[in-house]
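Asks: Whatever this is, show me its structure:
(one chain, ligands or ions: 1)
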Amino acid sequence: MSDTIFTKIINKEIPADIIHEDDLCVAFRDVNPVAPVHFLVVPRKPIARLQDLGPDDQALIGHIHLVITKLAEQEEIADGYRVVVNSGASAGQSVFQLHFHVMGGRSLGWPPG
Ligand code: AMP
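Replies: Residues are numbered from 1 along each chain as shown. A predicted model of the protein is given here:
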């Protein structure tokens, strides 16, 4: 997998508003937020799409979801938020490093577009 802009953020080669870092993942605010709170949780392991996950990634994905719950508390959106993964270009994925969008702070409609 070639480097993406998120790889550069993880490696501190370009700046981002980082709100969490640990051995497995990094979370930072989306540069183009679609909700009052909108951050991305990105595994350090290079995985292009959700569809590219393998059996070895099970604990990683569980960890990321626990991080999301902690960050939702920290960002004061724990009462209601949405987690979205766009997997593949036809789903709207534009950065091919797996990332979890976390959005909250306003009423969110359903179904999404
Ligand atoms: P997706 O379309 O699901 O691949 O989402 C990519 C997201 O990354 C978009 O919401 C962008 O606004 C966001 N994004 C792109 N570049 C940056 C950056 N340098 N820092 C923070 N967020 C970014």
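Asks: Which helix in the chain has the most residues?
Replies: Identified as the longest helix of the chain according to DSSP state H is helix 58-74.
Asks: Please state the offset of it from the chain centre?
Replies: In terms of CA atoms, centre = their mean, to the nearest Å, the centre of helix 58-74 is set 10 Å apart from its chain centre.
Asks: shaky segments in this structure?
Replies: For the chain, no stretch has pLDDT under 70.
Asks: all helices for the protein, in order.
Replies: Secondary structure of the chain by DSSP H: the helices cover 5-10, 58-74.
Asks: Nearest approach to the ligand belongs to which of the ones you listed?
Replies: Among these, helix 5-10 comes nearest to the ligand, with 5.1 Å by CB to the nearest ligand atom. Placement of C-beta: from N, CA and C, glycine included.
Asks: The closest residue to residue 78 other than its chain neighbours: how many residues sit nearby?
Replies: Distance criterion CB to CB, 6 or more residues apart in numbering; nearest residue to residue 78, sequence neighbours excluded, is residue 72 at 4.5 Å. As a burial measure, residue 72 scores 19 neighbours (other CB atoms under 10 Å).
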